[in-house]
Structures are given as structure tokens and as C-alpha cells.
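J.: Build me a model from this:
(chains A and B)
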Amino acid sequence: MSLYVYCVSDEVTGEALAGTPGLAGAPVRLFERAGLAAVVSPFEEEPVPVTREHALAHNRVNAVVLARTTPLPFRFGTLADGERLASYLESREAALRAALAAVRGCVEMSVKLMWDAAVARRGAGAAAGGEQGGAPAPAGGGTAFLLAKRRELLGDEDLRRRADELAAWLELRTSDLARASDVRVRPSASLVVRAAHLVARARVGEYRDRLRALRAERPDLRFLTSGPWPPYSFGSIKN
Amino acid sequence: MIDEEFAFDDEEELSLLETLDHVLDRGLVIAGEVTIAVADVDLIYLGLNVLLGSVETVNEVLGGRERRLAALRGGGAEGEEAGGR
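T.: Residues are numbered from 1 along each chain as shown, chains lettered A, B, ... in the order given. Take a look at the predicted model:
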């Protein structure tokens, strides 16, 4: 029998979890070791099927814990037998305690910025082309190809620069509210910036107001904001 | 868990997508102990795109949601169940 592992905490209590169903409706309980408590439920299948219900159950259990205290959530699909889990908690105790201290009193808020990649690319290409200035010099086939290639490369560079600027703008404007951030930038994609912010619980309202203001400032972008989440992006420790 | 303050509060698909985005590639890992199997056709369509980082999916959900949901529902019982969740 494997244990499905949802999260680890140094503050969660059994009462907080009472009546919370885990994956496949299994009862959730604490697995305590080294003064830490992993939240687990029995699970028979391996590998863990990624289904809608399982994914939501994983997050639901974490959300129940998050309502009381900030845990370190495990990645979906973490199974371990009792011995393995005990050894993990014992051997990583110091790192887990440090990670718990780093997220204590905070939640994760998520922001995704989308732009129209085609428009952004055209804009970038035009900017790169404009750099040539004046009428193009007469060019043979080979030169024309190289010039076109150069424009394309400059366009890609410009796209990356604009994507980085966008990420920097978001970071700058949220830095006073985010205790930590995890930002991923993909200039070639529509979803150009994915940011996770670690925000103190007491400042979540302020953070939402800020995001509302940023949204109003950039009607050319689409914002997808969500949260509060358990700190999925801020709980990792070195294995 | 989509932020209720914002525009997509009651979007089940988007909410699932955001959940998958958070739980599938982030979080603590006990080395070698994450084993998952993608079993649900609907999730292959929606979630695996997230897993693989094909973020165009989100834009599709935002941009052509009705068309998309129609396509999902046309895909079979799982889509129906999904819509009803």
C-alpha cells in the first residue's frame, strides 16, 4: 500500500483535515516524523492517473491545509511507502523547516500575461527592418537572403527584449508586495510571462488592487490571475 | 481557485487548467517518486498541453471558449462530465 503525499507542514493538525476526502475519496491523515507532518492518504494505483478528479483532489487537500497554515505542497503524483516517507522527512528536516519558514504567513498568487504573439512579432520585425533606414540598396539573391535573415534575427532579439521588458515591468510594479517571485518568460508564445508571487496573507487585498491597476494600464495585454494557492512555486528544496 | 476578483471566476475549464499548471510541474518532489499516467482523453487535450508547456491552450480557452467547449463536449462523455463539474 502506497501513501499519496499532498504536503508537509509543521503546524497542521489532524482536526484541520477531518472529513476532507483525498484522491479517490480516501481518508486523509497525518504522517508525523521529526516534528513535521506530511498529509497523506492511502492510494493503490501506480502510476497515479492524471484525471480531472485527482488533480482537483490534490489541490483541494492542499487548500484545506492552506486555509489554516501555509504548507509545502508536493508535486502531483507523489507516492511513497511509509519507510521512504519517514526517511525523507528525517533526512530533509532542516531544509524543510527552512522552506516552511520562508513561506510562513504567505500564499502564492499567479499572474499570466498574454500578448498577441503575431502582432508582437510583426512589431518587432518592423522595428528591426526600420533600423536599415532609407531605400534598400540593390542586392543580389544571396545578399537579399542574408539581409532577410538578419532582419529575422533582429526581430527575434527584439521580441525577446520586449518580453523581458514586460516581465521587468510586472516585477517592478509588484516588488513591494511580493516577498519572492518565480518568473518564466517565453517570447515566442502567446502566454509570454508566467509569474508566481509569494504574498503575505495580510497583503493579498492590496496585491489584487495592484493587479487591477496594472490590468487597466495595459489593455493590450490579457491577464489571467489566480490564487491564493499553496506555494507550489516556492517550496522546493535541494534533493 | 481562480481569483474571484477577476474575470474568470466561474470558468471551470480555466480553473482546472490553472490547477494543472500548478500541481503538475511544481512542488516538492521525493526523488524518483512522481509517477503519473495520463488516462483521461479530455485531460490529454487540455492538461497535457500545460504539462508540455504548450501555453497556446490558455489563449484558446480565453479566446474561443465557446467553440472550444463545444468541441470538448462533442468529444464524448468525459467532456460532458467535465462541463458539469
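
J.: which one's the longest helix in chain A?
T.: The longest helix of chain A (DSSP state H) is helix A:141-174.

J.: ok, now chain B?
T.: Longest helix of chain B, by residue count under DSSP H: helix B:12-25.

J.: Mind pulling up the pLDDT for residue A:16?
T.: pLDDT, residue A:16: 89.

J.: OK, contacts around it?
T.: By Cβ atoms under 8 Å, 6 or more residues apart in numbering or on different chains, the residues touching residue A:16 are A:64, A:65, A:67, A:68, A:69. Any C-beta I mention is one placed from the backbone N, CA and C, and that applies to glycine too.

J.: swap in residue A:235?
T.: A:72, A:73, A:99, A:103, B:27, B:28.

J.: Quick check: phi and psi on the first one?
T.: Spelled out, that is residue A:72. Note on residue A:72: backbone dihedrals following degrees, to the nearest 10 are phi -100, psi 110.

J.: Just the pLDDT for the residue nearest to it when sequence neighbours are not counted.
T.: Take residue A:72 and drop its neighbours on the chain: the residue closest to it by Cβ to Cβ, 6 or more residues apart in numbering or on different chains is residue A:235, 3.7 Å away. Predicted confidence (pLDDT) for residue A:235: 86.

J.: Equivalent analysis for residue B:70, please.
T.: 44.

J.: now swap in the one 5 residues further on and tell me
T.: Predicted confidence (pLDDT) at residue B:75: the value is 39.

J.: With residue A:13 instead?
T.: What the model reports for residue A:13 is a pLDDT of 92.

J.: what does residue B:41 give?
T.: In this prediction residue B:41 is given a pLDDT of 49.

J.: Kindly report the same for residue A:188.
T.: Looking at residue A:188, the pLDDT reads 77.

J.: Can you verify my assumption that it contacts residue A:159?
T.: Yes: the pair residue A:188 / residue A:159 is scored as a contact, 7.1 Å apart, by Cβ atoms under 8 Å.

J.: okay, these two: which has more neighbours?
T.: Between residue A:188 and residue A:159, counted using other Cβ atoms under 10 Å in any protein chain shown, the more crowded position is residue A:159 (22 against 12).

J.: on that earlier part again, check the secondary structure at the residue nearest to residue A:72 for me.
T.: Three-state assignment for residue A:235 (DSSP: H, G, I helix; E, B strand; the rest coil): coil.

J.: could you measure it against residue A:142, distance?
T.: Using Cβ to Cβ, to the nearest Å, one gets 54 Å for the distance from residue A:235 to residue A:142.

J.: give me the low-pLDDT residue ranges for chain B?
T.: For chain B, applying pLDDT under 70 flags the ranges B:1-13, B:32-34, B:38-85.

J.: how many neighbours does residue A:111 have?
T.: By other Cβ under 10 Å, the residues close to residue A:111 number 24.

J.: who's the nearest residue to it once chain neighbours are set aside bridged to?
T.: Closest residue to residue A:111 apart from its sequence neighbours, by Cβ to Cβ, 6+ apart: residue A:195 at 4.7 Å. Beta-bridge pairing for residue A:195 (DSSP bridges): residue A:111, residue A:183.
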